[in-house]
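Student: quick one: sequence plus predicted model below, questions after.
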Amino acid sequence: MLLYFSVSNWGMIRDELNFSMVAEREQAHSRRLYLLSKFKRRVLPVAAIYGANASGKSTLVEALIFARSFVLAGPRSRTDGIARNFYCLDKTYQNKPSAFSFVFEVDEDVYEYQFSVNDEKVVAEGLKQISSNDEKVIFSRNENGLVEMNEPLKSSTNAKAYIEGCSSNKLYVTNLINQGNTALGFVNQWFENIRILTPNDIFGAFNYYASENTPLSRTGGQFLDCLKTGICGFVREEVPAEQFPIREEMKLWLRGNPQQEIPLMSPNRDMFVVRWDIFNQKVRLFQIKTMHKSQDGQGVSFNVGQESDGTRRLMDLLPMFMGLIENNRSGQSCICVIDEIDRSLHPLLLKRVLSDYLDTLNARCRTQLVFTTHNAELIDQSIFRRDEINFLERNNQGAAALYRLSDYRDEKGKAVRFDALLQKRYMRGDFGGIPDLPMVNIFDSMDVERTH
């Protein structure tokens, strides 16, 4: 589980920005908080991040995307540069490193992993194990190489050689995994358990909506029907393979993996699945379609591209929610991050989906959902705790700053009451995180003639 994340010198984030998933002492919705018994601290299962356009919400998500990708893969060759996004409103920051830090829990143990990079190399990296009263350095590195190495890394096979042979533009934890050393595999696994959905992402395994005996095929239609989208199920219809150009390398892969299939999406967002026909030695193409009921009760199929943007967004989100619920049932940990969760969705519909999801949680659940939004309907203490609502703002220098609703104090130094109605106060600007709009007509500032 994620406890803290911090980043600096990234995009619109200049100074260190700290994001916390550790709960405050308030008791609202406490039944769903996971307890770190060794530390006597509780962990939040959800966090909403509000902010005006260009406040840095997507920048924060992009920092997570970069960090995850850099840990799991890293540069392909020793000569590759590092594609970081430094703070560009002050040119001196181009020469300063971008820094990332994660404090996370694995099997009741807490670790801090951090690294800093410039355009060419890793300038610092380190991993600590944190106890309630002490810290143990597992390894640390500076731009000149290894500084310190301890257990469980020290006695693992060839660890020192793999670290000393690591290229300057790659992380040690990445190189260890690439070389087959699993002593720090839990770090790699923790980053693999982060799922990120951006506004334009499409659920990659949408073929399961129309597969036999999968959770999506069994419940996807029920979910979308319950939300009055008109969809009651999904079907596959075979279409000529020529309808969708299939690359030769894809055909070769399918021929070598005849039990697998590849989901494809057309420019107009119609969904297809291609697989290899082992008996006829050719590719077969199937189109996934949604099913609706006509007035006489008969089923009518629609291309997915004919569905509304909101319906397709629900189709993208549903697998993520189902994955969270399944992981909670099995006691597994994962983190889902959704940028602009409210894209194309009615505020009340999204409020209901999130409320019903949160009702499935209990203190044994180890998953976390983090999302950015503009939906003021969600600033509701009957659904979220005050420490689960975050605001992101840019200051006068253009740098981003993040704070919680639980941190807010009015002019009299008073916090937000537990029973306060917050939507109107948010829209009024009491908590920040909204656009700073001019008091004059914005079109009067343009060099155009006013029509009368």
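Tutor: Looks like it arrived, so ask away.
Student: in this protein, which helix is the longest?
Tutor: Looking only at the chain and at elements set by DSSP state H, the helix with the highest residue count is helix 309-330.
Student: for that helix, buried residues please.
Tutor: Buried positions in helix 309-330, judged by neighbour count with 16 or more other Cβ atoms under 10 Å: 310-325, 327-328. Quick note: C-beta positions are derived from backbone N, CA and C, even for glycine.
Student: what residue lies at the spatial centre of this protein?
Tutor: residue 337 (2.1 Å; Cα atoms, centre = their mean).
Student: contact partners of the helix or strand it falls within?
Tutor: Following DSSP states H and E, the helix or strand that holds residue 337 is strand 334-338. Residues from elsewhere that reach strand 334-338, judged by Cβ atoms under 8 Å, 6 or more residues apart in numbering: 1-2, 61, 64, 193-197, 317, 320, 323-324, 327, 367-372.
Student: ok, now with 7 Å
Tutor: By Cβ atoms under 7 Å, 6 or more residues apart in numbering, the surrounding residues in contact with strand 334-338 are 2, 61, 64, 193-197, 320, 323-324, 327, 367-371.
Student: before we move on, what about stretch 395-406?
Tutor: For stretch 395-406, contacts defined as Cβ under 7 Å, 6+ apart pick out 12-15, 17-19, 24, 55-56, 59, 89, 386-387, 389-394, 416, 431.
Student: out of those residues, which sit inside helices?
Tutor: Using DSSP H, those in helices are residue 59.
Student: the stretch 51-200 of the chain: strands as residue ranges?
Tutor: 98-106, 109-117, 122-130, 135-142, 145-149, 194-197 (DSSP state E, counting those that start in this stretch).
Student: show me the one of these that comes nearest residue 38.
Tutor: strand 109-117 (7.8 Å; Cβ to Cβ).
Student: what's the longest strand in the chain?
Tutor: In the chain, assigned by DSSP state E, the strand with the most residues is strand 282-293.
Student: check which residues of that one are buried.
Tutor: Residues of strand 282-293 classed as buried: 283, 284, 285, 286, 287, 288, 289, 290, 291, 292 (neighbour count, 16+ other Cβ under 10 Å).
Student: ok, so of those, who is nearest residue 80?
Tutor: residue 283 (34.7 Å).
Student: what's the PyMOL syntax to select whichever of the contacts of stretch 395-406 are buried?
Tutor: Buried residues among the contacts of stretch 395-406 (16+ other Cβ under 10 Å), as a PyMOL selection:
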select buried, resi 12+13+14+17+19+24+55+56+59+386+387+389+390+391+392+393+394+416+431
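Student: in strands only, show me the contacts of stretch 395-406.
Tutor: Of these, the ones assigned to strands by DSSP E are 17, 18, 19, 389, 390, 391, 392, 393, 394.
Student: so where is this protein shaky, pLDDT-wise?
Tutor: The chain contains residues with pLDDT under 70 at 203-204, 398, 447-452.
Student: mind checking how far stretch 198-214 is from the chain centre?
Tutor: Here stretch 198-214 is found 17 Å from its chain centre; the criterion is Cα atoms, centre = their mean, to the nearest Å.
Student: swap in stretch 397-405?
Tutor: 20 Å.
Student: report the buried residues of that stretch.
Tutor: 399, 400, 401, 402, 404, 405.
Student: closest to residue 252 out of these?
Tutor: Nearest member of those to residue 252, counting by Cβ to Cβ, is residue 400, at 46.2 Å.
Student: quick one, what contacts the closest residue to that closest one other than its chain neighbours?
Tutor: Nearest non-adjacent residue to residue 400, counting by Cβ to Cβ, 6 or more residues apart in numbering: residue 56, 3.4 Å away. Contact partners of residue 56, counting by Cβ under 7 Å, 6+ apart, are 11, 12, 13, 392, 394, 400.
Student: show me what the last one bridges to in the sheet.
Tutor: Read that as residue 400. residue 394 (DSSP bridges).
Student: contacts for stretch 249-258, please.
Tutor: 260, 262, 274, 275, 276, 278, 283.
Student: can you pick the most crowded of those?
Tutor: Counting neighbours by other Cβ atoms under 10 Å, the top entry in the contacts of stretch 249-258 is residue 276, with 23 neighbours.
Student: tell me what that residue is bridged to.
Tutor: Assigned bridge partners for residue 276, using DSSP bridges, are residue 283.
Student: separation between residue 426 and residue 405?
Tutor: Separation of residue 426 from residue 405 (Cβ to Cβ, to the nearest Å) stands at 9 Å.
Student: same question but for residue 61, I mixed them up
Tutor: As judged by Cβ to Cβ, residue 61 and residue 405 stand 20 Å apart.
Student: same check on residue 19?
Tutor: Distance from residue 19 to residue 405, counting by Cβ to Cβ: 14 Å.
Student: cool, and residue 295?
Tutor: From residue 295 to residue 405 the distance is 48 Å (Cβ to Cβ).
Student: what sits against residue 177?
Tutor: Contact analysis of residue 177 by Cβ under 7 Å, 6+ apart lists 185, 188.
Student: residue boundaries of the helices in this structure?
Tutor: All helices of the chain, identified by DSSP H, fall at 57-72, 159-164, 172-178, 185-192, 215-226, 248-256, 309-330, 347-358, 423-428.
Student: in TSV, list those helices along with distance to residue 149.
Tutor: As requested, these are exported to TSV (distance: least, Cβ to Cβ, whole Å):
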stretch	distance to residue 149
helix 57-72	19
helix 159-164	7
helix 172-178	9
helix 185-192	15
helix 215-226	43
helix 248-256	40
helix 309-330	33
helix 347-358	42
helix 423-428	49
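Student: out of those helices, which comes closest to residue 94?
Tutor: helix 57-72 (16.4 Å).
Student: okay, that closest one in PDB with CA atoms only?
Tutor: Output in PDB follows, covering the C-alpha atoms of helix 57-72 (Å, rounded to 0.1, in the frame of the first residue of the first chain):
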ATOM      1  CA  LYS A  57      -3.300  17.300 -11.400                       C
ATOM      2  CA  SER A  58      -2.300  15.500 -14.600                       C
ATOM      3  CA  THR A  59       1.400  16.500 -13.900                       C
ATOM      4  CA  LEU A  60       1.200  14.500 -10.700                       C
ATOM      5  CA  VAL A  61      -0.200  11.500 -12.500                       C
ATOM      6  CA  GLU A  62       2.400  11.800 -15.200                       C
ATOM      7  CA  ALA A  63       5.100  11.800 -12.500                       C
ATOM      8  CA  LEU A  64       3.700   8.400 -11.300                       C
ATOM      9  CA  ILE A  65       3.700   7.100 -14.800                       C
ATOM     10  CA  PHE A  66       7.300   8.100 -15.400                       C
ATOM     11  CA  ALA A  67       8.500   6.600 -12.100                       C
ATOM     12  CA  ARG A  68       6.700   3.300 -12.600                       C
ATOM     13  CA  SER A  69       8.000   3.000 -16.100                       C
ATOM     14  CA  PHE A  70      11.500   3.900 -15.100                       C
ATOM     15  CA  VAL A  71      11.600   1.400 -12.300                       C
ATOM     16  CA  LEU A  72      10.100  -1.500 -14.300                       C
END
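Student: buried residues in it?
Tutor: By neighbour count on 16+ other Cβ under 10 Å, the buried set for helix 57-72 is 57-68, 70-71.
Student: that concludes my questions; thank you for your assistance.
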